[in-house]
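# Okay, sequence plus prediction incoming.
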Amino acid sequence: MKLSKTFGEFGGQYVPEKTLAVLDDLEKNFMHYIQDPEFKKEYMYYLNNYVGRPSPLYYAENLTKHLNGAKIYLKREDLNHTGAHKINNVIGQMLLAKKMNKKKVIAETGAGQHGVATATGAALFGMECHVYMGEEDMRKQALNVYRMELLGAKVHPVTEGTKSLKEAVDKALEVWVEECDESFYVLGSAVGPHPYPTMVKEFQKIIGEEAKAQILAVENRLPDTIIACVGGGSNAIGLFSEFIKDESVSIVGVEAAGKGIATGMHSSAFAMNKISTLHGMKTYFMLDDNDEVVPSYSISSGLDYPGVGPEHAYLKDIDRVTYTSVTDEEAFNAFHTLCKTEGIIPALESSHALAYTMKLALTMKKDEIILVNLSGRGDKDVHTVAEFEQVKLF
Ligand SMILES: *Cc1c(COP(=O)(O)O)cnc(C)c1O
């Protein structure tokens, strides 16, 4: 079996010559181990016993009644250990790193969610862990920096450029290539050079596999629409991949419109309809008139990335998935609605998917079904919500 390095014209390996050999070695090992039943068994062991899978598919009956539209089901990735879907991918990559005899893992992080997930996996598997994080992000997310340190990781400040996620990815890639003999780069979303987007999908597709079996068990049919938020696109591709071949299922990815697309303060890679190469891949990016990448903005840090995974770019171009966006304000409203109707505090990222779900449900029949991925829990966002609403906590 040979893996394609691209999704249509998107993806690829836009990296320096010496990185190609490292990626090649990674691809060979990835291909070998995903076909190895022992590896699969070990991966499933940790997903079931450590992460707490399978995650429930919950019929949000109160929310459904509140809206009086389509039936809404929530895929509860928020109930995973560490509170989001990211751990699924971390366990997979960490096991691969172990098989490849690496002693050390490297990761980038924005707000710290992938950093915390990687530090967790490193503690579990006894690996040395180095996380690269923009200095500005470290200041904003001091608690997550401390969490990573508690878990035994070393957090390295990145001082280039805007001192945030984009530069952290550059730095992590650079360090990895220097230390590739002993280190493994654990990438946090379905982005970067091949084979990362394919590998991250492989380790997140459990979401869609479970969700499909679960909905068939309770409803005896497929959902009409499935919805997920899109930052780099890992939780979305994890849910979508199992349903792409099911033509009756419409699929929607929701990006962050921030303060509104027209203000320029957003994180929608698709909004400008511009294609470029960065972080080793060809895909849609937010670009200015000189085709330079512009900084993204969203109230939810997990969606705050100026690009999008290359497979999503392809799925958009072939018209299989519809991509849309919702604003900070719409996400906040959805956040409150889920808190009050279901007693579930959702992540602000997931609240974007919920906001679109709530709009769409109103336009659908009562016997139609929406399945939405609740990618994470919102405990981490409570202070952001309080600040946005000018509630003084301390
Ligand atoms: C990181 C994160 C996201 C966005 O990342 P994707 O790769 O697009 O899934 C979404 N939801 C939560 C809870 C996250 O932590």
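That came through, no problem.

# May I see the buried residues of the helix or strand of the chain with the lowest mean pLDDT?
Least confident helix or strand, the chain: helix 135-140 with a mean of 89, by mean pLDDT, DSSP states H and E. Applying a neighbour-count criterion of 16 or more other C-beta atoms under 10 Å, the buried positions in helix 135-140 are 135, 136, 137, 138, 140. Heads up, the C-betas are built off the backbone N, CA and C, glycines and all.

# And stretch 119-130, by the same measure?
Quick answer for stretch 119-130 (16+ other C-beta under 10 Å): 119, 120, 121, 122, 124, 125, 127, 129, 130.

# List the contacts of that stretch.
Residues from elsewhere that reach stretch 119-130 (C-beta atoms under 8 Å, 6 or more residues apart in numbering): 46, 50, 81-82, 87, 90-91, 93-95, 97-98, 102-107, 118, 131, 147-148, 151-154, 156, 175, 183, 186.

# Strands - which of those residues land there?
Counting by DSSP state E, the contacts of stretch 119-130 place 104, 105, 106, 107, 131, 154, 156, 183 in strands.

# In JSON lines, list the residues you listed along with neighbour count.
Shown next, in JSON lines, are these (neighbours: other C-beta atoms under 10 Å):
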{"residue": "104", "neighbour count": "16"}
{"residue": "105", "neighbour count": "26"}
{"residue": "106", "neighbour count": "26"}
{"residue": "107", "neighbour count": "30"}
{"residue": "131", "neighbour count": "29"}
{"residue": "154", "neighbour count": "11"}
{"residue": "156", "neighbour count": "17"}
{"residue": "183", "neighbour count": "22"}
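
# Output those residues as JSON lines; include the columns distance to residue 244 and pLDDT.
Shown next, in JSON lines, are the ones in strands among the contacts of stretch 119-130 (distance: C-beta to C-beta, whole Å; pLDDT from 0 to 100):
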{"residue": "104", "distance to residue 244": "36", "pLDDT": "97"}
{"residue": "105", "distance to residue 244": "31", "pLDDT": "98"}
{"residue": "106", "distance to residue 244": "31", "pLDDT": "97"}
{"residue": "107", "distance to residue 244": "28", "pLDDT": "98"}
{"residue": "131", "distance to residue 244": "33", "pLDDT": "98"}
{"residue": "154", "distance to residue 244": "39", "pLDDT": "98"}
{"residue": "156", "distance to residue 244": "38", "pLDDT": "98"}
{"residue": "183", "distance to residue 244": "34", "pLDDT": "96"}
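
# list the contacts for residue 216?
Counting by C-beta under 8 Å, 6+ apart, residue 216 touches residue 222.

# Checking my notes, it in a helix, right?
Yes: judged by DSSP: H, G, I helix; E, B strand; the rest coil, residue 216 forms part of a helix.

# re earlier: which secondary structure elements does the least confident helix or strand of the chain contact?
Helices and strands touching helix 135-140, by 3 or more C-beta pairs under 8 Å, 6 or more residues apart in numbering; DSSP states H and E, are strand 154-158.

# The strand it packs on - which strands sit beside it in the sheet, and in what orientation?
Note on strand 154-158: by DSSP bridges, its sheet partners are strand 128-134 (parallel).

# Return the distance of the strand it pairs with from the chain's centre.
18 Å (C-alpha atoms, centre = their mean, to the nearest Å).

# Return the list of helices and strands in contact with the longest strand along the chain.
Across the chain, the longest stretch assigned as strand under DSSP E is strand 250-258. Strand 250-258 sits against strand 225-229, helix 234-240, strand 321-327, helix 328-342, helix 348-362, with contacts defined as 3+ C-beta pairs under 8 Å, 6+ apart.
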